[in-house]
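# how does the following fold in three dimensions:
(2 chains)
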Amino acid sequence: MVVKKEYNPAKIEPKWQAKWAEDGLYRSVIDHTKPKHYALTMLPYPSGDLHIGHWYAMTPSDARARFMRMRGFNVLFPIGFDAFGLPAENAAVKHNIHPKTWTYSNIERMRKQLKSMGAMFDWEREAISSDPEYYRWTQWFFIQLHKHDLAYRKLSPVDWCPTCNTTLAREQVWGEDRHCERCGTPVIKKNLEQWFFRTTQYAEELLDFSNLDWPERVQTLQTNWIGRSEGALVIFKTEQGDDLEIFTTRPDTLWGATFMVLAPEHPLVEKVTTPENKSTIEEYIYQAIRQSDIQRESTGKEKTGVFTGGYAINPVNQQRIPIWVADYVLMTYGSGAIMAVPAHDERDFEFALKFGLPIIPVIERNDHQVRSLIRLTDVDQTFLRWLLEEGYVQFNDKASYGVVIPHYALDQFIDRAKKAVNANGWIEVVGSQWEFIFSTKSVTLSSVAADQEILSMMKNLEPELTPYRTVMEYLWEQEFYRPVLYHSERGEMIHSGQLSRTPGDMAIKQVVEWLENKGIGKRKVNYKLRDWLISRQRYWGAPIPIVYCPEHGAVDVPEDQLPVLLPEDVEWRPTGESPLKLHPTWRFTTCPICGKPAERETDTMDTFMCSSWYHLRYLSPKYDQGPFDPKEYDYWMPVDTYTGGIEHATMHLIYTRFFHKACRDMGITKGPEPMTQLRNQGIILGEDSEKMSKSRGNVIAPDKLVEKYGADTVRAYLMFFARWDMGAPWNSNGIEGTARWVKKVWATLLDDTPINGKADGNVLRELRRKVHQTLRSVTHDYENFEFNTVISSLMELLNNMVNAKENGACGTDEWDEAVDIYLRMMAPATPHVAEEIWNLLGKPYSIHTQPWPIVDEEAAKADTVTIPIQVNGKLRDRLELPVTITKEEAIIIALEREIIQKHLMGNTPKNIIYIPQRLINIVV
RNA sequence: GCCGAAGUGGCGGAACAGGCAGACGCGCACGACUCAAAAUCGUGUUCCCUCGGGAGUGUGGGUUCGAUUCCCACCUUCGGCACCA
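Next up is the predicted model:
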């Protein structure tokens, strides 16, 4: 058959899209005779225009879903919109358009764009999170969580703009001075009653990825985000008698705690602050609280803090230690208070040094290194000579020797030092042992009292030392000592009362047991993960279904009264304040329990709440007896393949896992995890290798590309131009190659005019071999999301087919088979052109319901192989040999080659490596 | 600072299990067709070279008959976290 027809994607693509829709080709219905496959791509936010990033995320995922369908799975590949959220409200204020109008017209537009991709979305299952039928169930989930005590209310600080009268999201706070994005007013923190979900209750389980086929990268990100650390909870007492709880990962350093630090927000701050420190503390707290966590936590910043005037008692040794307030301690982690052990914690060390707080070593160095800076005038000559002779002197200048004493010589050194030191001086033993040798006595730096004693003895001999507040402060002045003053390694406990000499590997365990026996502490696991704050002081979101009754408090809206509808007659103040608060009637209602006047919660839910369960709504978007139809759930869940951007690794993907596990414990969902397999695509940057953005003007518009090349070419190029999981900067030129390929497929497969007579058997055997080899690799690559090599293999095969055609392959069974398999292989990637050619060749509609071809292993087998011959690992020759050749035969042939003989240069081979069908390496 | 990923021709990338480095494509050069151009087709395209070869996968070492692939150290880029007690 000869078909003379131009390839015109603008014509064939809409034609097939309409036909497929009409025939319900992508309707997914429960079919128990087939294995199911739930392929899910992250739902888009209806920002208004489909971005090339959406295409990059969705079309390869679509190709994979199509491939699975051809492999015999009953595939569900749904789509919807994450339609609540801030941009709609910003548009409302800016353009005076209702968020609903804005959102739904965007959806309309994006639906059209999505359909132009030719994806196998089942539009009957579309779900839109801002539809009342959807958010009714978002609210229902909230109530279930509340009923099971997984939702609770607590006072929590938010960024607040006093001019706009509203909460700001983190991305709305700009600049170093933290001003409001809209009006420039500096932002303040405000404590508001907020709703939280108890994600932390699932922290331990969320760390378990054993049921998941998820990228290592995501697992690492989540693990770090959850941030598990083991340690102990220890109860200190303030002098007033209040319990002051702290969490520490190093209970073995308790004896070295020389001060405590409270976060500025800590509830005990007020109580422990003495009257004379009150105003300083208040001032400090005011400026600390205004800063964001990011600023406060930036490690580069110099430490700040203020003494409260109050003291606590260290429960292990009854030492009285000062309580400070400093912003390097965070209220959101642990209990918002720490014991500071400056000798073994870098931050505490820095703080203690700055504020002159004592630093007492309580953990031995593992290398036991001792350093001493010996002033020549403080000791006798014999001692100095001995040090030189033994080679302990690391450096010397006119005034002093810097010596490093090995562990074995320490006792001897101290003995000799005691004899050598004169009445005007002293010798410091630093790093280990921590002894300060004076002519009258030696003192060990093992307590705050000892610290002061040593210091005052030094000052007596050397009045210039008067400004120093601690021994460590003085030692720090000597560059030579700095490397050994502080360490955070585990090691043998010292200066720790009865627990001294406990070896490092048992120290933590023994101290915890000891604390538990004494009733002053216990083992504790802490997490960085925080409970999920879901309240938003916003209009365009799902209202939190709670009514506040003066008598009954926070009462759930009864389930049969859901949804709590968003009122549409809202007024937009330029202030951006939530219209729900301003609405004249909406918030006033009655208590579901007593019927007396009550008020609605005016906050709405975080949109991550909507996206935590959309995969369930897709199952039955119109179902009204529950969030989803259990029949659909039982068949389709869990999601088999979830694809989307890595940027959701720690937010959405933790929330949705939490949500699933919480629902499982409430009997709503089943199984350990919602999404079995996860794969992330990378990011497409602009051609300038910068992030695409309107302001940079480097945005690639998919609509224009589709117009110019057709959706199939755009799809294929997105699959081809980079590794899918890596992403890459966009390259406009490259797409021409893919366009050429599609055209060449069209020309080659449709025109089977015989050329050059009949092909011989060799050509046909080669053709079949290449076809089946390609089928094998393409199958593997679709399976493993290696889309770029799917396309390159197809290109390669096409080049072979063109060759075969020139050698007369057309009109043979082998040629027809090649065409048939070729079209099936390209159907998932380029669904329209594959369908069109398939149809023009008179094959049965639709190619997309055809089974995936099976590799003929016999045909794919090669009968000869090219074997490289190396001499000493260097390639010298190649041999074309039958695959059946034996080792002996191959070696004989190889050694007979003239070029090989030349490179052997008359030497006898010492060793010959033979890897069947791979290589021969002759070693001389 | 910590954690993670990645470094291969002019460019995007390939090499699946340690065995022919550079598949496939872009770009470029030359040629064919054309009055000409576009499109299309063909040939070539890692670098150096005295045409025998030699070097080469971020850098330096190591293991091996053999390393883009494994090990150690370092450099660069990107991403995440960022005083987490």
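# low pLDDT regions in the stretch 201-350 of chain A?
For the stretch 201-350 of chain A, the stretches flagged by pLDDT under 70 are A:290-300.
# flag every residue of it that's near RNA strand B.
A:216-217, A:220-221, A:224-225, A:227, A:229, A:231, A:246-250, A:263, A:293-294, A:296-301, A:303-304, A:327-334, A:336, A:338-339, A:345, A:347, A:350 (Cβ under 7 Å from any atom of the strand). For glycine as for every other residue, the C-beta is placed from the backbone atoms N, C-alpha and C.
# from the residues you listed, keep the buried residues only.
Burial by neighbour count, 16 or more other Cβ atoms under 10 Å: within those this picks out A:221, A:225, A:231, A:246-248, A:250, A:263, A:296, A:303-304, A:327-331, A:333-334, A:336, A:338-339, A:345, A:347.
# which ones among these map onto strands?
In this view, these that belong to strands under DSSP state E are A:G231, A:I246, A:F247, A:T248, A:I338, A:M339.
# ok, and the closest non-adjacent residue to the first one?
In space, A:G231 comes closest to A:T249 once its chain neighbours are excluded; the distance is 3.7 Å by Cβ to Cβ, 6 or more residues apart in numbering.
# element containing the residue in the stretch 651-800 of chain A that RNA strand B sits nearest to?
Closest to RNA strand B within the stretch 651-800 of chain A is A:G737: 2.4 Å, counting by Cβ to the nearest atom of the strand. According to DSSP states H and E, A:G737 maps onto helix A:735-750.
# ok, the residue of the stretch 651-800 of chain A closest to RNA strand B - contacts?
The contact partners of A:G737, taken as Cβ atoms under 8 Å, 6 or more residues apart in numbering, number zero.
# quick check: phi and psi at the residue nearest to A:P361 when sequence neighbours are not counted.
Sequence neighbours aside, A:A343 is the residue nearest to A:P361 in space, at 4.3 Å (criterion: Cβ to Cβ, 6+ apart). Note on A:A343: its backbone torsions stand at phi -70, psi -20 [degrees, to the nearest 10].
# A:A343 contacts A:I359, correct?
Yes - the pair A:A343 and A:I359 qualifies as a contact (Cβ atoms under 8 Å) at a distance of 5.1 Å.
# so what sits against both of the two?
Taking Cβ under 8 Å, 6+ apart as the contact rule, the neighbours common to A:A343 and A:I359 are A:F349, A:Y486.
# is RNA strand B contacted by the host helix or strand of A:E888?
Assigned by DSSP H and E, A:E888 falls within helix A:887-896. No - Helix A:887-896 does not reach RNA strand B (Cβ under 7 Å from any atom of the strand); its nearest approach is 13.1 Å.
# and the contacts of the next helix or strand after that helix?
Going down the chain from helix A:887-896, the next helix or strand is helix A:898-904, by DSSP H and E. Helix A:898-904 has contacts (Cβ under 8 Å, 6+ apart) with A:I869, A:V871, A:R876, A:D877, A:A894, A:L895, A:I922, A:V924.
# I only care about these that end up buried; give me the PyMOL line for that.
Here is the PyMOL command that selects the buried residues among the contacts of helix A:898-904 (16+ other Cβ under 10 Å):
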select buried, chain A and resi 869+871+876+877+894+922
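# ok so, going back, other SSEs contacting the helix holding A:E888?
For helix A:887-896, the packing partners by 3 or more Cβ pairs under 8 Å, 6 or more residues apart in numbering; DSSP states H and E come out as strand A:874-882, strand A:911-915, strand A:919-923.
# any chance of the ones in strands among the buried ones among the residues of the stretch 201-350 of chain A next to RNA strand B in CSV, plus distance to A:Y26?
Rendered in CSV, the data for these read as follows (distance: Cβ to Cβ, whole Å):
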residue, distance to A:Y26
A:G231, 54
A:I246, 59
A:F247, 53
A:T248, 57
A:I338, 58
A:M339, 62
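# where do the helices sit along the stretch 501-650 of chain A?
Taking DSSP state H, counting those that start in this stretch, the helices of the stretch 501-650 of chain A run over residues A:504-518, A:579-582, A:607-610, A:614-617, A:630-636.
# elements contacting the last one?
By that I understand helix A:630-636. Right, helix A:630-636 is packed against strand A:36-41 by 3+ Cβ pairs under 8 Å, 6+ apart.
# quick one, what contacts the closest residue to RNA strand B within the stretch 401-550 of chain A?
Nearest residue of the stretch 401-550 of chain A to RNA strand B: A:K528, at 3.5 Å (Cβ to the nearest atom of the strand). Residues near A:K528 by Cβ under 8 Å, 6+ apart: A:W225, A:I226, A:G227, A:Y333.
# please repeat the previous calculation with a cut-off of 10 Å.
Neighbouring residues of A:K528 by Cβ atoms under 10 Å, 6 or more residues apart in numbering: A:T200, A:A203, A:N224, A:W225, A:I226, A:G227, A:R228, A:S229, A:L330, A:T332, A:Y333, A:G334.
# distance check, it against A:Q240.
Using Cβ to Cβ, to the nearest Å, A:K528 is found at 31 Å from A:Q240.
# do A:T607 as well
Distance, A:T607 to A:Q240, using Cβ to Cβ: 45 Å.
# can you pull the pLDDT of A:V29?
pLDDT, A:V29: 96.
# quick one, what contacts it?
A:N74, A:L76, A:D122, A:E124, A:E632, A:Y635.
# need the nearest residue in space to the residue nearest in space to the middle of chain A, chain neighbours excluded.
In chain A, the residue lying closest to the centroid (Cα atoms, centre = their mean) is A:L221, at 3.4 Å. Of all residues not flanking A:L221 in the chain, A:A649 sits nearest, at 4.3 Å (Cβ to Cβ, 6+ apart).
# quick check: that neighbour touching A:M42?
No - if you go by Cβ atoms under 10 Å, A:A649 and A:M42 don't touch, sitting 11.7 Å apart.
# now do the shared contacts for these two.
Common neighbours of A:A649 and A:M42 (Cβ under 10 Å, 6+ apart) are A:N680.
# tell me where the stretch 551-700 of chain A has strands.
Taking DSSP state E, counting those that start in this stretch as the test, the strands found in the stretch 551-700 of chain A are A:553-556, A:588-590, A:597-600, A:604-605, A:639-645, A:675-681, A:683-685.
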